[in-house]
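J.: Structural data only, the sequence is not supplied:
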């Protein structure tokens, strides 16, 4: 499902997604991979016959796993701790999952942060991992920098400024 339209941002959207999923699952042999910053995948699962569950793959955007930092830049989304809880539920209930590590903000120390993320998403239970830096499309970097400043994350805002100003 499209990363531009969150398939499980709300319960209503999750039910709409499930309606479309059922049709594609009935008409094709293909798997469906979902990505969300919401935490409503169970609504999709509950609305789809169990015989199709093995063809569903779920992932949450979790590049910023600190709730306060994510709240500054991810508006109208479930907080990362809630997304992680749902990811763990999916894994514990044998659903197929993948890791979507985005947006990854600039960091002074990537290695330690990466270890923390890999541990929190339980990488051993994922089919694959996709990593994506903070999105540079349009005004995204400027908006991210401004949101970080407004929320008091000045060091992070400076790092965003640095990467957005460098065109080489």
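T.: Good, I have the coordinates. None of these values were measured; they are calculated from a predicted model. Numbers count the residues shown, from 1 in each chain.
J.: Count the neighbours of the residue nearest to residue 76 when sequence neighbours are not counted for me.
T.: Of all residues not flanking residue 76 in the chain, residue 9 sits nearest, at 7.3 Å (CB to CB, 6 or more residues apart in numbering). C-betas here are computed from N, CA, C, even on glycine. Look at residue 9: counted by other CB atoms under 10 Å, it has 18 neighbours.
J.: which ones are touching residue 9?
T.: Contacts for residue 9 were tallied using CB atoms under 8 Å, 6 or more residues apart in numbering; they are 36, 37, 38, 40, 76, 77.
J.: any idea how far it lies from residue 38?
T.: 4 Å (CB to CB, to the nearest Å).
J.: center of the chain - which residue?
T.: residue 61 (1.1 Å; CA atoms, centre = their mean).
J.: Could I get the pLDDT score of that residue?
T.: Looking at residue 61, its pLDDT is 92.
J.: One more: residue 34?
T.: Looking at residue 34, its pLDDT reads 96.
J.: Residue ranges in the protein under the pLDDT threshold?
T.: Under the criterion pLDDT under 70, the flagged ranges of the chain are 1-4, 136, 166-168.
J.: can you map out the helices along it?
T.: Ranges of helices in the chain, per DSSP state H, are 11-27, 41-46, 67-73, 80-92, 110-120, 140-150, 154-165.
J.: Highest mean neighbour count out of the ones you listed?
T.: Burial of those is given as mean neighbour count (mean count of other CB atoms under 10 Å); helix 41-46 ranks first at a mean of 20.
J.: which residues are in contact with that one?
T.: 7-8, 11, 14-15, 17-18, 21, 34, 53, 56, 58, 86, 89-90, 95.
J.: What of stretch 159-168?
T.: By CB under 8 Å, 6+ apart, stretch 159-168 touches 105, 106, 107, 108, 134, 136, 141, 142, 144, 145, 148.
J.: switch the cut-off to 6 Å
T.: Here stretch 159-168 makes contact (CB atoms under 6 Å, 6 or more residues apart in numbering) with 106, 141, 144, 145.
J.: picking that back up, just checking, the residue nearest to the centre of the chain touches residue 100?
T.: Yes: counting by CB atoms under 6 Å, residue 100 is a contact partner of residue 61 at 5.1 Å.
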